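# no sequence for this one, just the structure:
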């Protein structure tokens, strides 16, 4: 009896906590967005600045995700399958974006590419990095860097290298071995990592806020647009963009839930 | 084996060495360009005015107030996570109820949701227009709320797999030997999940210390009151004080590195039996 009570008590604590922190606030914003009908939300979303902001977010994501995917796979292979000097350092730097404040990331890039920075000569030669797309892409790559590598590393460790070695003994070169043996074995981990990377890219705020200069319609991403709408007392606009981003987050969750068992089975 | 094979062998070995070198070169170049060089530029800027200038920037009353606030709220959030995250993981693994799969999926939502949206949603429920008449906007409570939101998955997701793998027989043995339910938890379950809790707490603490997006809107950025270090750095950048921003940023960087090291040490300790 007391055991059953304790069980229900713990369940109540967990569910209350989740509702108070997570589900309650989200449900309310959902309600507020559509309070005045779907039309009002649609109007808020279809302003040219907001459409531009979403476009920019998609462009940045479309550049950052493939680059980080290739890097993540190569990096995981290097960490698990190779011995080289400085491996500990590589490991540390790959994990760093997980623990570092996005504002610190933004500031670092700001200092590197700024007028007095080591790469300031790019700007003097007409290649604008800061306050334009390149810096925003680099900032997004930085914060979403670890996810593919971190998903692939444990899977690579688990599958071992026996099949790879067998392929090599049978005469396959390193490239065919990778395509035919390694990649199929790690594919779910890669896909899982890509989903996490995409979510992180779409939602990045702090690092991009520092390096973008926030020119409306030019260097304003969807997340920056949310803040701008809020500051301009356009709550409806801020909520509408937020709901779109939240729906994308829900899609990400669905994908994660669908893929996790496959990844664990692999 | 034909003579052709023997002839091509050294060539292939050479080309494979080249491929290895190339991929290693690409990995390190990418890491250096994206991560290491910017970090080096940050450290360089913070020390460019000498040690005294660095210390002056870090020990200015506003910077110290921000850092103190960041640290104590992050510690509070880490401790709350240790308890509530473990309870949530426990309920997800050992309990069963309708909608459990959904609850399990929802845990990852703070990870997928942009932080700025997190702040905005919290403000909707706990701000001036609150339908439940709770207004904590622009207070330290709002900082803790926002940090709890963004760090929710960490402890749950590090404790859950350990609980799933934990052998039920150990607990049954303890119970049959006369241990109470609480004793079984404290003596059998807890020591096993402790490394998971600790690494989750360290990750949550790191995330809380650096959190920015969810705090911008809800805390109102009031110096000495609700301004945490990340927001302080941002306002210094906006006012053109690069050295001041860089100095505090280096402090956050040092905290991040220290936390990563301790997480590595915890993992090393937790897997000590697998290695020997």
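That came through, no problem. This structure is a prediction, so every number in the text was calculated from the model and none was measured.

# neighbours around residue A:88, how many?
For residue A:88, the count of nearby residues is 9 (other C-beta atoms under 10 Å in any protein chain shown). In short, each C-beta sits where N, CA and C put it, glycine included.

# against residue A:94, how distant is it?
Distance of residue A:88 to residue A:94, given as C-beta to C-beta, to the nearest Å: 11 Å.

# could you do residue A:191 as well?
Distance of residue A:191 to residue A:94, given as C-beta to C-beta: 19 Å.

# for residue A:185, same thing?
Counting by C-beta to C-beta, the separation of residue A:185 from residue A:94 is 21 Å.

# just residue B:32 next, same as before
Counting by C-beta to C-beta, the gap from residue B:32 to residue A:94 is 12 Å.

# ok, and the closest non-adjacent residue to the residue in chain B that chain A sits nearest to?
Per C-beta to the nearest C-beta, residue B:210 is where chain B lies closest to chain A, at 2.8 Å. With C-beta to C-beta, 6 or more residues apart in numbering or on different chains as the criterion, residue B:210 has its nearest non-adjacent residue at 2.8 Å, and that residue is residue A:101.

# swap in residue B:74?
Ranked by C-beta to C-beta, 6+ apart and with sequence neighbours excluded, the top spatial neighbour of residue B:74 is residue B:208, at 3.9 Å.

# mind telling me what element that neighbour is part of?
Using DSSP states H and E, residue B:208 sits within helix B:190-210.

# mind checking how far that helix is from the chain centre?
8 Å (C-alpha atoms, centre = their mean, to the nearest Å).

# the chain - how does it break down into domains?
Answering for chain A, as no chain was given. Under the assignment automatic domain parsing, the domains of chain A span A:1-35, A:41-265.

# that answer is for a different chain, and I need it for chain B
Residue ranges for the domains of chain B, per automatic domain parsing: B:1-47, B:51-275.

# could these be laid out in CSV, adding mean pLDDT?
Formatted as CSV, those follow (pLDDT from 0 to 100):
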stretch, mean pLDDT
domain B:1-47, 79
domain B:51-275, 92
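
# so of those, which one's packed in deepest?
domain B:51-275 (a mean of 19; mean count of other C-beta atoms under 10 Å in any protein chain shown).

# ok so, going back, residue A:191 and residue A:94: who's more crowded?
A count of neighbours by other C-beta under 10 Å puts residue A:94 above the other of residue A:191 and residue A:94, at 22 against 17.

# pLDDT wise, what is the more buried one at?
We note a pLDDT of 92 for residue A:94 in this prediction.

# which other residues reach the helix or strand where it lies?
Using DSSP H and E, residue A:94 falls within helix A:87-99. With contact meaning C-beta atoms under 8 Å, 6 or more residues apart in numbering or on different chains, helix A:87-99 is reached by A:75, A:78-79, A:105, A:142-146, A:149-150, B:27-28, B:31, B:35-36, B:39, B:203, B:206-207, B:210, B:256-257, B:259-260.

# could you do stretch B:222-240 as well?
Stretch B:222-240 is contacted from outside by A:101-104, A:106-107, A:110, A:206, A:209-210, B:61-63, B:65-67, B:69-70, B:73, B:138-140, B:142-143, B:209-212, B:215-216, B:219-221, B:242, B:244-245, B:248-249, B:251-252, using C-beta under 8 Å, 6+ apart.

# same thing but 7 Å
By C-beta atoms under 7 Å, 6 or more residues apart in numbering or on different chains, the list of residues contacting stretch B:222-240 from outside reads A:101, A:103-104, A:107, A:110, A:210, B:62-63, B:65-67, B:69-70, B:138-140, B:143, B:210-212, B:215-216, B:219-221, B:244-245, B:248-249, B:252.

# same thing with stretch A:185-202?
A:57, A:60-61, A:64-65, A:68-69, A:72-73, A:140, A:143-144, A:147-148, A:151-152, A:155-156, A:159, A:245, A:248-249, A:252, A:255-256, A:259, A:262-263, A:266, B:111-112.

# could you find the closest non-adjacent residue to the residue most central in space within chain B?
The residue lying closest to the centre of chain B (C-alpha atoms, centre = their mean) is residue B:203, at 3.1 Å. Distance criterion C-beta to C-beta, 6+ apart; nearest residue to residue B:203, sequence neighbours excluded, is residue B:154 at 4.5 Å.

# name the SS class of the one you found, please.
Put simply, residue B:154 is helix when judged by DSSP: H, G, I helix; E, B strand; the rest coil.

# quick one: contacts for it?
Contact analysis of residue B:154 by C-beta under 7 Å, 6+ apart lists B:81, B:85, B:200, B:203-204, B:207.

# show me which of those is closest to residue A:231.
When the contacts of residue B:154 are ranked by distance to residue A:231 (C-beta to C-beta), residue B:207 comes first, at 25.0 Å.

# please name the nearest non-neighbouring residue to that closest one.
Here the residue nearest residue B:207, using C-beta to C-beta, 6+ apart, is residue B:151, at 5.1 Å.

# residue contacts, the one you found?
B:77, B:81, B:204, B:207-208 are the contacts of residue B:151 under C-beta under 7 Å, 6+ apart.

# and it, how far from residue B:204?
Between residue B:151 and residue B:204 the distance is 4 Å, computed by C-beta to C-beta.

# spell out which parts of the stretch 51-200 of chain A neighbour chain B.
The stretch 51-200 of chain A has residues A:71, A:74-75, A:78, A:82, A:84, A:90, A:92-93, A:95-96, A:99-104, A:107-112, A:117-118, A:138, A:141-142, A:145, A:173-174, A:199 near chain B, with proximity defined as C-beta under 7 Å from any C-beta of the partner chain.

# would you mind listing which of those residues are buried?
Buried subset of these (neighbour count, 16 or more other C-beta atoms under 10 Å in any protein chain shown): A:71, A:74-75, A:78, A:90, A:93, A:95-96, A:99-104, A:107-112, A:117, A:138, A:141-142, A:145, A:174, A:199.

# among these, which ones are in helices?
A:71, A:74-75, A:78, A:90, A:93, A:95-96, A:99, A:102-104, A:107-112, A:138, A:141-142, A:174, A:199 (DSSP state H).

# show me the contacts for whichever residue of chain A sits closest to chain B.
The minimum distance from chain A to chain B, using C-beta to the nearest C-beta, falls at residue A:101 (2.8 Å). By C-beta under 7 Å, 6+ apart, residue A:101 lies in contact with A:206, B:210, B:212, B:230, B:252.

# isn't the last one right up against residue A:102?
Same thing as residue B:252. No. Using C-beta atoms under 7 Å, residue B:252 makes no contact with residue A:102, being 10.8 Å away.
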